[in-house]
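# With the input below, show me the fold.
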Amino acid sequence: MVFKNQNSQDVKESIESMKLALQQSQILMLSGGFSSGDEPDGSGKFIANELQNEILHAEIQALLDRDGLILGICNGFQALVKSGLLPNGEIGSLQADDPTLTHNEINRHISRMVSTRVASTLSPWTSLMKPGDIHKIAISHGEGRFYANQQWVQKLKENGQICFQYADEQGRAPLASP
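Model (predicted):
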């Protein structure tokens, strides 16, 4: 569904439409897309804010309770991180040391093909892949660098929550994010 946000009535109607769609769904997929000139956290911040709406929050929890799946791509992934769904598995307030997405290390937009290495196959999205497999993917982002402190990185590794890592052409990983 398209989440309309040109005015408050659009938002209200979109929340109701999304509520009904979630009640009939097994998968919530949040796509990317730019808004507000893609100001820092623009679309991701907007989507995360809508996920925290009490109506949608309840429906997303119900989806999770019935073993529903959630996937976020581009700003959709950013929204999952900014809402707490990743890596915590629930919508909530972020703590100062929670993982986040931030500006690329070169502090400018990057758009290119990169190699990634499969690091974990515990997710239903990666279950048919093999650890170590290399995939070429297109990236295009200004705030695509996942950042977490060492304790979080260790926890994510132990939980098998790091599905992919940037790699060189020979599959050596992890490399720093572009």
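# Buried ones in the helix or strand bottoming out on mean pLDDT in the chain, by neighbour count?
Lowest mean confidence among the helices and strands of the chain (mean pLDDT, DSSP states H and E): helix 42-51, at a mean of 80. By 16 or more other CB atoms under 10 Å, the buried positions in helix 42-51 come out as 42-48, 50-51. Every C-beta, even on glycine, is put in place using the N, C-alpha and C of the backbone.
# Output those in JSON lines; the columns should cover distance to K12.
Listed next are the buried residues of helix 42-51 as JSON lines, based on distance: CB to CB, whole Å:
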{"residue": "G42", "distance to K12": "21"}
{"residue": "S43", "distance to K12": "20"}
{"residue": "G44", "distance to K12": "22"}
{"residue": "K45", "distance to K12": "19"}
{"residue": "F46", "distance to K12": "15"}
{"residue": "I47", "distance to K12": "17"}
{"residue": "A48", "distance to K12": "18"}
{"residue": "E50", "distance to K12": "11"}
{"residue": "L51", "distance to K12": "16"}
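# Now flag whichever of these is closest to S140.
Distances from S140 to the buried residues of helix 42-51, taken as CB to CB, are shortest for S43 (13.3 Å).
# buried stuff in stretch 137-145?
For stretch 137-145, by 16+ other CB under 10 Å, it's 139, 141, 143-145.
# among these, which two are most distant?
Using CB to CB, the two most remote members of these are I139 and E143, lying 11.7 Å apart.
# top helix in this structure by residue count?
Secondary structure assigned by DSSP state H gives helix 8-23 as the longest helix of the chain.
# Sort out which residues of that helix are buried, please.
Neighbour counts using 16+ other CB under 10 Å place 14-15, 18-19, 22 of helix 8-23 among the buried residues.
# Those into CSV, with extra columns for pLDDT?
Formatted as CSV, these follow (pLDDT from 0 to 100):
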residue, pLDDT
S14, 95
I15, 96
M18, 96
K19, 97
L22, 97
